[in-house]
Structure formats: C-alpha cells, structure tokens
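A.B. asks: Fold the following.
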Amino acid sequence: MLSYHDALVWCNAFSEMCGLTPVYYTDPNYTKPLRISTDTKFIKNLEKGSQDHPYIKAAKPGNDDPNQATADGWRLPTLYEWKMVAAGGEAFFDEKKWSEITSLHDEIIPVGSVDPQL
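C.D. replies: Model prediction:
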C-alpha cells in the first residue's frame, strides 16, 4: 500500500527524473530533498523537516505551507485543489453546495431543494 510518505518521496523522485526541482525537503534552506520513507504506518513526528512534516520549497526559507510552493516539481494537491476536484471542478463552484447552505442557516433544508453534487 502506498502511504502519504511514499507519495511525497515519489513526487520528489519523479521530479528529479524529469529534471524538475523537488518540492519536499528536510532542511529549511531547501538543499536536502526528502528521499526516505520509513516507519510510515502512522504520522508520529510533526517537527518541521521530518518525513511527517517536510519543508515545502518556496520563496522564503523554512516554508511548510503547500499554498506557497514555488518549485516546478511534482507535488500532492493542496487542500483547495482537493476540494475543487471533489466539487466537480471550477464550473461547479458557482452553484450553492450543501455545506454553504447549511453553514448559513440554522434550519432544516427540505430534501430535493438543492441540486445534488456530482
């Protein structure tokens, strides 16, 4: 089974194979790409630079925010990108979703009153 850690290491490895800059690093100055995926059954170490919480190459040293990534290498999608795909793409963002409707109202919404999400 492929773990989260394996996916990070694979993104970096594939980036290097393609001649691109890796995204995930073990040091805040982005000189040591994450290349090891061991003991990955559970996330244990949230210390920056660990395989559980790597640095993400950005304009400023020490970044761990995926939204600030500047490397041209392969990476995992950001939370926003995952949400966009789950919602069906950008075309679907114009329609109201259950989460938007229920967060704005403290009332019960009748079944069938909102278009289903694809």
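A.B. asks: And stretch 69-81, what's buried?
C.D. replies: 69, 71, 73-75 (16 or more other CB atoms under 10 Å). In this view, the C-beta of every residue, glycine as well, is placed from N, C-alpha and C.
A.B. asks: any low-confidence regions in this structure?
C.D. replies: 39-45, 88-118 (pLDDT under 70).
A.B. asks: And the strands in it, which stretches?
C.D. replies: 24-25, 55-56 (DSSP state E).
A.B. asks: follow-up on the earlier one: can you redo the buried residues of stretch 69-81 as CSV with distance to Asn29?
C.D. replies: Converted to CSV, these look like this (distance: CB to CB, whole Å):
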residue, distance to Asn29
Ala69, 16
Ala71, 14
Gly73, 17
Trp74, 21
Arg75, 19
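A.B. asks: Identify the farthest-apart pair in those residues.
C.D. replies: The most widely separated members of these, counting by CB to CB, are Ala69 and Trp74 (10.9 Å).
A.B. asks: joint contacts of the two?
C.D. replies: Both Ala69 and Trp74 are in contact with Val23, where contact means CB atoms under 8 Å, 6 or more residues apart in numbering.
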